[in-house]
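> Structure here, sequence nowhere to be found:
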């Protein structure tokens, strides 16, 4: 396998979308966003309509990173293309959505801290794509897929908008917040000893120097960005859900995070989940954020509310959090066979 | 410094106590227990009465381990002796209490899972010592000190029995349970994949083979023992406070643990804490169980309820959880100056 | 800073070179290679000639990876462009050379195991660039730069060809082989227990499944590729320089590796090194391969053979092996000021 | 199993030996040493003579540490006693030898840096024991056993003195020095950045403060002590076999270490090794010093020189370097059956 760019059998359209909802967002991030739409082989020579799979990034990911290359493996754009080119699955349109923010991510939610990324995805990107490409514009023909924070987005977006999304794939998606976040809070409290226990002092420092030259920079970006997504003040100021010196949980703020824990959302959104045609759940057994446990809990929750087994693919596999991109085309294949067409 | 046994300036009395309260305990552990009592230099040649400092072990510790030796440092028995021999502090009686169980520890609480170790300590060991040694039998002259689980015991015993204990030293004591335990629960859930998600299957396996030949043995012993201490059924069966497959917290059981979190006990036992003459709190800044954060939270809680600053020694120092035994004689020195005599 | 593609002030020419020397190479890798040439701002509007800095990748890197993006930082193509656009240094041509092989890398040497990558670089790429771009085609105006295996290439290429290269920058370049490789050999011997102690069995397995799903895959690729570069048989078979069961060094083969240790090459190539106008050496103080020690040793060797201090920039900085790409434009700036023009 | 002291079936004699050879040793360590001799059940009621197994400690171990206790397992003194008490093997005398030094250990060699510990063991301890206990004073009835540095001592002592020792057991014994030591040298070079690259400055600091409060203290003690054992100057000053800044090996000094590598000693001492009745070799597959590879190399070397297979027990087992004391009584059992009686 050659490591350089491969010719696609389908076609990648590198578009730009102007968002009204993101205009004037609290971080001053651009409201004109890249949006990549992939059409499968045969798209141009037919007038067939296709299901669409929306693809979202993990934390600190942006749409441009889907083109990143390494040795010995191809980027998802190419492995997904190969699914259709090789006849493993019937053609789908893939929509690579950008929801990057100055904090690295948005968690694909509407928030006073970062902006209205959930609404932008659902109310702007979806219609924009449906208006310009030959999608089948119905929830049974529209899926969403992602890893890590993207897996979180893939779980919660269909819960909130089952009228739009009727299938999903979550790879090591954020869930069971006591296991994926509390450890990070503890480490954050320690890191902030260098910053008078004030994450905004760190943020100011971080912005004025080479990023990621302190070992805790990655950690603090994530925690700050999630605080912006889940527990910002009305004026947009991110509030940590814990005392920055001792790490003691501040219940009122932590409850706001927990309200976004997919596991704790299951019962509230049971109908939406029961309406999904296909739910792919996987994670690595050594995931550093224990998202394998989150996957187990999500799977168990689906059973509890009566989602039929045949609609769910569940798999734990030996891996940590990184290097699991080879799973994405597997989920695409599985979804492509289950989306309505 | 020679690494072999040193002659003590004081004297160590290796005694045995027969406990009525531990008789017939649920694990069938012996109710006749070793009890070591140290008397300081000068004890035999005077009729002076002395304050007493009770010393308890960390998890999986037993009284015999106080005699363990290594290179380049002396056991606590000798470093504590040196405090008095060198004149750094006025003499105290030290009482090395054994609260070992078949699970490794008892957390120094009364529990249906292990036995009545709190009552044994307070109602049997204390009077036994007071009856046989020239202690000053008053709370202002009686302290308790320990590390890790022993630090936990040192925090909660005076809360429960301020009529007995009026001073304490906690070195990296268990506190802020979401940080010290949840990580262990997550790892436990993973480890139990080898045992059909059943910790009692592991326990049966562990008992029938060489212990600690599986990497998770240490972890599971601790979690099982704490479950026995904090969330046993009335019949003594330890109950994990989480789903053993997904790790999902079982609130009713977890609440029983949290009821024993020293941080969450502060307000309930505010009067007891305010009655303490001297409270030493320390922990290593890299403690693997984040007990430095627990220490911060304990310190903050004491302030909140109005414990006067001059009664508290608080210190974080660069260290992990292990190798901090050189701190113990420092606390002994500090306590010895503050106990009433 | 926006994370998406930035417009360059200069221009990146994504070219292709057909190599005669790589044709029929032992691994069947392509002899037509990508070659990216960057021309600085002002290049098109003048007829000025420019020094050239050759840029090579680390192990398992290929030229396409220079375009990879992440959040919070720009790829080197853009940070290097910013050096010239911002006036920090006078313009240079940058040449991004590809020396990828099926084993992940070539170490930029001629070898029976992979092909003639050193000769391809020196005898084909250099003249090709000089023939098509307005370089100053003299060693004093031609530098080479890289990180890790690329840093190794940047050290040894000018030693071998001081007639071509008169300056270099090595970031965490492979050196002091007992520290950077022996640990890997030990771990390799362990990993090969799963493969009857035969790295070629692993290689066959690796090629037939998803790469990097075993924890040791990265390690074995590196060791196999270096064996192909440094100790291949005349027929191209890579030979491990150690017994694959015990790890015992096979001196005759290990000597062939050591002959390529930059530290051990210093005296043999002292004249070449003394001819360099500028030598940048840096590394992170926590480098996982101890390349900070390699950097120290290289620096000390240069002093020993009489390279003048003012020609050398030496710096250790707090970092591990990864995430140090922000150093590259610093070296480019420094070199750009020292190259002859 | 109760964790406190068990009554032995045999008897432990805690003796003291006055050594002439250690008198005036370079570190001023005591020449009067503890020496523990265990006699098996039945010893006192018979006049039988017994084979003897000499037991030596790992680095920084001293004889007093054999009495250390923990939970869930017994000290070797008791598990070895159980071998004989339970009838698993015929009785042996066990001799617990102390070779501690101010640097933590002596490696059981004669050295200008620490003293004549090899001679003390062979020329003083052995005759002392034979003179006072009913041993069978012949090499076929005398074994030596140890772990880590003690395993090293157990390998080399019989090589040097096959007239005294005719059997051995090495558990994770130091061997294949490039794998067990070079990594430590690299880390040492880094640690010494805090001490002007001078290990004696660290030693002075270490001696004046609480030991092991710096993360590298353990490492530096080991490296310094081994330098004292293997590459001291004639006046006793330990010399590091590498440049303390860059880690570059100093061949003349490193050769002195390698002369003590059991693997490199095999051919020189082939006759001695072929004279051994029984050789037990084991190690954990994850040993942090790669002593599993050393074990493999030692085993392979024995084959190469023609040691018969039936005389060798070789075993790798899943473990790291620590927590493998349960192996010791297994080797004692195996040896007890093979020693001449």
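Sure, I can see it. Computed from a prediction, not measured in an experiment: that's the story for all the values here.
> Per-residue pLDDT of the nearest residue in space to residue A:212 that is not next to it in sequence, please?
Spatially, and ignoring its direct neighbours in sequence, residue A:212 is nearest to residue C:323 (5.3 Å; C-beta to C-beta, 6 or more residues apart in numbering or on different chains). (Glycine included, C-beta is placed from N, CA and C.) Residue C:323 is assigned 95 on the pLDDT scale.
> Help me confirm that residue C:323 is found in a helix?
No. With DSSP: H, G, I helix; E, B strand; the rest coil as the criterion, residue C:323 is located in coil rather than a helix.
> What count of nearby residues applies to it?
18 (other C-beta atoms under 10 Å in any protein chain shown).
> So it is in contact with residue A:211, correct?
No. The pair residue C:323 / residue A:211 is not scored as a contact, 9.1 Å apart, by C-beta atoms under 8 Å.
> From chain D, how far out is the residue positioned nearest the centre of chain A?
For chain A, residue A:150 is the residue whose C-alpha lies nearest the centre (C-alpha atoms, centre = their mean; 1.4 Å). Distance, residue A:150 to chain D, using C-beta to the nearest C-beta, to the nearest Å: 35 Å.
> nearest residue to that residue other than its sequence neighbours?
Nearest residue to residue A:150 in three dimensions, chain neighbours excluded: residue A:56, at 4.3 Å (C-beta to C-beta, 6+ apart).
> The one you found contacts residue A:148, correct?
No. Residue A:56 is beyond contact range of residue A:148, at 10.0 Å (criterion: C-beta under 8 Å).
> what about the strands in the stretch 201-341 of chain A?
A:278-284, A:312-317 (DSSP state E, counting those that start in this stretch).
> Let me know which of those strands is the nearest to chain C.
Closest approach to chain C among the strands of the stretch 201-341 of chain A (C-beta to the nearest C-beta): strand A:312-317, 8.2 Å.
> got the end-to-end distance for stretch A:47-55?
With C-alpha to C-alpha, to the nearest Å as the measure, stretch A:47-55 spans 24 Å from end to end.
> swap that for stretch A:175-195, sorry
Start and end residues of stretch A:175-195 are separated by 29 Å (C-alpha to C-alpha).
> That stretch and chain C, are they touching?
No. Judged by C-beta under 8 Å from any C-beta of the partner chain, stretch A:175-195 and chain C are separated, with a smallest distance of 13.3 Å.
> Domain boundaries for chain A, per the record?
Following automatic domain parsing, chain A resolves into domains at A:11-176+A:262-336, A:178-258.
> Buried deepest among those domains, which one?
domain A:11-176+A:262-336 (a mean of 21; mean count of other C-beta atoms under 10 Å in any protein chain shown).
> Compute the distance from the centre of that domain to the centre of its chain.
Offset of domain A:11-176+A:262-336 from its chain centre (C-alpha atoms, centre = their mean, to the nearest Å): 6 Å.
> Residue A:80 touches residue A:331, doesn't it?
No. When contacts are counted by C-beta under 8 Å, residue A:80 is not listed as touching residue A:331 (9.8 Å).
> and the stretch 51-200 of chain A, which residues reach chain C?
Of all the residues in the stretch 51-200 of chain A, those lying near chain C are A:60-65, A:67-73, A:100, A:104, going by C-beta under 8 Å from any C-beta.
> and with 7 Å instead?
A:60-62, A:64-65, A:68-73, A:100, A:104 (C-beta under 7 Å from any C-beta of the partner chain).
> Tell me how far the residue nearest to residue A:212 lies from chain D.
Going from residue C:323 to chain D by C-beta to the nearest C-beta gives 19 Å.
> Residues in contact with stretch A:134-143: which ones?
Contact with stretch A:134-143 is made by A:47-54, A:93, A:129-130, A:162-169, A:277, A:335, A:339-341, as judged by C-beta atoms under 7 Å, 6 or more residues apart in numbering or on different chains.
> Cross-reference those with the strands and report the matches.
A:52-54, A:93, A:167-169 (DSSP state E).
> Could I get the residues you listed in CSV, plus columns for pLDDT and distance to residue B:216?
CSV is the format used below for the ones in strands among the contacts of stretch A:134-143 (pLDDT from 0 to 100; distance: C-beta to C-beta, whole Å):
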residue, pLDDT, distance to residue B:216
A:52, 98, 44
A:53, 98, 39
A:54, 98, 39
A:93, 98, 46
A:167, 98, 37
A:168, 98, 33
A:169, 98, 31
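> Save these as a markdown table, and put in distance to residue B:111 too.
As requested, those are exported to a markdown table (distance: C-beta to C-beta, whole Å):
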| residue | distance to residue B:111 |
| --- | --- |
| A:52 | 57 |
| A:53 | 53 |
| A:54 | 52 |
| A:93 | 60 |
| A:167 | 49 |
| A:168 | 44 |
| A:169 | 45 |
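> what subset of these is also close to chain B?
Near chain B, by the rule C-beta under 7 Å from any C-beta, you find none of the ones in strands among the contacts of stretch A:134-143.
> How about the stretch 201-341 of chain A: which residue is closest to chain D?
residue A:215 (15.1 Å).
> and that residue, what pLDDT?
On the pLDDT scale, residue A:215 gets 96.
> Enumerate the residues of the stretch 201-341 of chain A near chain B.
Proximity of the stretch 201-341 of chain A to chain B, by C-beta under 7 Å from any C-beta, involves residues A:245-249, A:285, A:290, A:293, A:296-297, A:300.
> Out of those residues, name the ones that lie in helices.
Members of these lying in helices (criterion: DSSP state H): A:293, A:296-297, A:300.
> What is the nearest of these to residue B:179?
Lowest distance from residue B:179 to these (C-beta to C-beta) belongs to residue A:293, with 17.1 Å.
> show me the residues around the closest one that make contact.
Counted by C-beta under 7 Å, 6+ apart, residue A:293 has contacts A:176, A:179, B:186, B:189, B:246-247.
> Before we move on, what's the pLDDT of it?
Model confidence at residue A:293 (pLDDT) stands at 98.
> Just give the nearest non-adjacent residue to it, would you?
Closest to residue A:293 by C-beta to C-beta, 6+ apart is residue B:247, at 4.2 Å.
> What pLDDT does the model give the one you found?
Note for residue B:247: predicted pLDDT of 98.
> Kindly report the same for the one 3 residues further on.
Taken from the predicted model, the pLDDT recorded for residue B:250 is 98.
> so it touches residue B:231, yeah?
No. Using C-beta atoms under 7 Å, residue B:250 makes no contact with residue B:231, being 8.7 Å away.
> anything in contact with each of these two?
Joint contacts of residue B:250 and residue B:231 (C-beta under 7 Å, 6+ apart) are residue B:241.
> Helices of chain A, residue ranges please.
With DSSP H, the ranges of helices along chain A come out as A:76-85, A:117-119, A:126-132, A:149-160, A:177-180, A:182-191, A:199-207, A:217-230, A:251-258, A:262-265, A:270-274, A:291-305, A:328-338.
> Show me what the last one is packed against.
Where contact means 3 or more C-beta pairs under 7 Å, 6 or more residues apart in numbering or on different chains; DSSP states H and E, helix A:328-338 is packed against helix A:76-85, strand A:167-171, strand A:278-284.
> and the residue of the stretch 1-150 of chain A nearest chain B?
Chain B sits closest to residue A:148 of the stretch 1-150 of chain A, with a gap of 16.9 Å, by C-beta to the nearest C-beta.
> so what's the backbone phi/psi at that residue?
phi 60, psi -120 (degrees, to the nearest 10).
> Can you tell me how far the residue lying closest to it once chain neighbours are set aside is from residue C:298?
Excluding the flanking residues, the one nearest residue A:148 by C-beta to C-beta, 6+ apart is residue A:58, at 3.5 Å. Here the criterion is C-beta to C-beta, to the nearest Å. By it, residue A:58 lies 38 Å from residue C:298.
> just residue A:149 next, same as before
42 Å.
> got it, and residue A:243?
48 Å.
> Look up the pLDDT of residue A:263 for me, please.
98.
> That one: what's it in contact with?
The contact partners of residue A:263, taken as C-beta under 7 Å, 6+ apart, are A:175-176, A:294, A:297-298, A:301.
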